[in-house]
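# Take a look and give me a structure for this.
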Amino acid sequence: MKIGILLTGHAPDDLIEGSGDYDAMFRNMLAGHGFEFETWAVVDGDFPPGPEAADGWLITGSKHGVYEDHPWIPPLEDLIRAIRASGKPLIGVCFGHQIIARALGGKVEKFQGGWAVGPTEYDLHGQKVTLNAWHQDQVTEPPEGARVVGGNDFCRHAALAYGDTIWTIQPHPEFGSDFVGGLIEKRGRGVVPDEVLDDASGRLDAQIDQAALGRFMAEFFLNHSKHEDTERKERA
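Model prediction:
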């Protein structure tokens with residue numbers, strides 16, 4: 001199964017050597033499930049020809065806001081709508097979570113309550129999980145038809161599902177604690193309030209449910225692939 005990764009931002013230059021760019025983090029997290037990957041850096045204007053270029057799609061995080069005026073955002077929203085119409089499975093993370101919501105009619109804005117940074121607990125599909133957060137923007141109004149499948153008191157719409165083909169999440173299951181520590185020092189200072197960063201730094205030894213989310217995301221893609229195989233056999 002080929003997963004197309006839509007890269008909407010790049011990791012800080014001084015962290016890439018140790019962690020790889022954002023697409024590499026997802027490749028590592030989803031390794032071992034037989035996937036083939038191809039990355040299109042849409043943030044740099046590199047787009048796939050259409051939904052049929054991959055069997056499943058994943059949209060990464062970004063330092064950009066979905067409401068900002070960048071020339072690559074409108075065509076990305078068009079591609080999201082085309083992927084939805086195609087029935088291909090699609091996962092969005094952080095910026096990906098937000099841009100999918102916006103493309104499908106939801107509202108995204110800076111949260112007046114401030115930032116979420118570092119290990120954060122969420123109720124996800126009825127279970128408690130801890131994942132690394134790094135965001136101020138939030139989906140404040142989900143699109144019509146979206147189901148809220150995860151959240152907490154700070155971020156009510158932290159995970160959304162659209163039918164059985166699209167699943168999105170606000171925190172970063174691909175971020176390990178070492179990378180978040182690097183972000184705190186390399187990207188956070190002067191942007192995020194120091195007290196938020198210092199509090200997050202003191203919690204970086206928390207157990208993160210990264211492996212469990214990697215399995216969940218892999219199964220989301222694989223289950224859809226099995227469903228398509230069954231439909232093809234029934235039509236044959």
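# distance of the residue nearest the centre of the chain from residue 71?
In the chain, the residue lying closest to the centroid (CA atoms, centre = their mean) is residue 93, at 0.8 Å. Distance, residue 93 to residue 71, using CB to CB, to the nearest Å: 22 Å. C-beta: built from backbone N, CA, C; applies to glycine.
# Repeat that for residue 35.
With CB to CB as the criterion, residue 35 and residue 71 are 30 Å apart.
# where along this protein do the strands fall?
For the chain, the strands defined by DSSP state E cover 2-6, 36-40, 56-59, 90-93, 107-110, 116-124, 127-135, 137-141, 147-151, 159-162, 166-169.
# How about residues contacting the fifth one?
What it means is strand 107-110. Strand 107-110 has contacts (CB atoms under 8 Å, 6 or more residues apart in numbering) with 65-67, 98-99, 101-102, 136-141.
# and it, which residues are buried?
residue 108 (16 or more other CB atoms under 10 Å).
# check contacts around the residue nearest to residue 170 when sequence neighbours are not counted.
Taking CB to CB, 6 or more residues apart in numbering as the measure, residue 170 lies nearest to residue 158, with 4.3 Å between them; neighbours along the chain are not counted. Contact partners of residue 158, counting by CB under 8 Å, 6+ apart, are 122, 124, 150, 151, 152, 169, 170, 171.
# And for residue 181, nearest residue in space, chain neighbours not counted?
In space, residue 181 is closest to residue 204, 5.5 Å off (CB to CB, 6+ apart).
# Just the pLDDT at residue 162, thanks.
We have a pLDDT of 98 for residue 162.
# Nearest spatial neighbour of it, chain-adjacent residues omitted?
Going by CB to CB, 6+ apart, residue 162 has residue 146 as its nearest residue, at 5.4 Å.
# Residue 177 too?
Residue 177's closest residue in space is residue 204 (CB to CB, 6+ apart), at 4.5 Å.
# Lowest average confidence across helices and strands of the chain, where is it?
One helix or strand of the chain scores below all others by mean pLDDT, DSSP states H and E: helix 210-235, with a mean of 79.
# What's the mean pLDDT across stretch 11-23?
pLDDT averaged over stretch 11-23 gives 92.
# List the buried residues of it.
11, 15, 19, 21, 22, 23.
# Quick check, residue 14 in contact with residue 186.
Yes - the criterion here is CB atoms under 8 Å, and residue 14 meets it with residue 186 at 5.6 Å.
# about what we covered before: contacting residues around the residue nearest to residue 181?
118, 119, 177, 180, 181.
# swap in residue 8?
So residue 8 contacts 42, 43, 59, 60, 61, 62, 64, 76, 95, 96, 99 (CB under 8 Å, 6+ apart).
# With residue 35 as the reference, measure out to it.
Taking CB to CB, one finds residue 8 at 20 Å from residue 35.
# Please name the bridge partners of the residue nearest to residue 124 when sequence neighbours are not counted.
Leaving aside its chain neighbours, residue 124 sits nearest to residue 150 (3.9 Å; criterion: CB to CB, 6+ apart). Beta-bridge pairing of residue 150 under DSSP bridges involves residue 124, residue 159.
# right, and residue 150 touches residue 121 too?
No - counting by CB under 8 Å, residue 150 does not reach residue 121; the two are 10.8 Å apart.
# on that earlier part again, could you export the buried residues of stretch 11-23 as a markdown table, including distance to residue 211?
Listed next are these as a markdown table, based on distance: CB to CB, whole Å:
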| residue | distance to residue 211 |
| --- | --- |
| 11 | 21 |
| 15 | 21 |
| 19 | 17 |
| 21 | 21 |
| 22 | 18 |
| 23 | 19 |
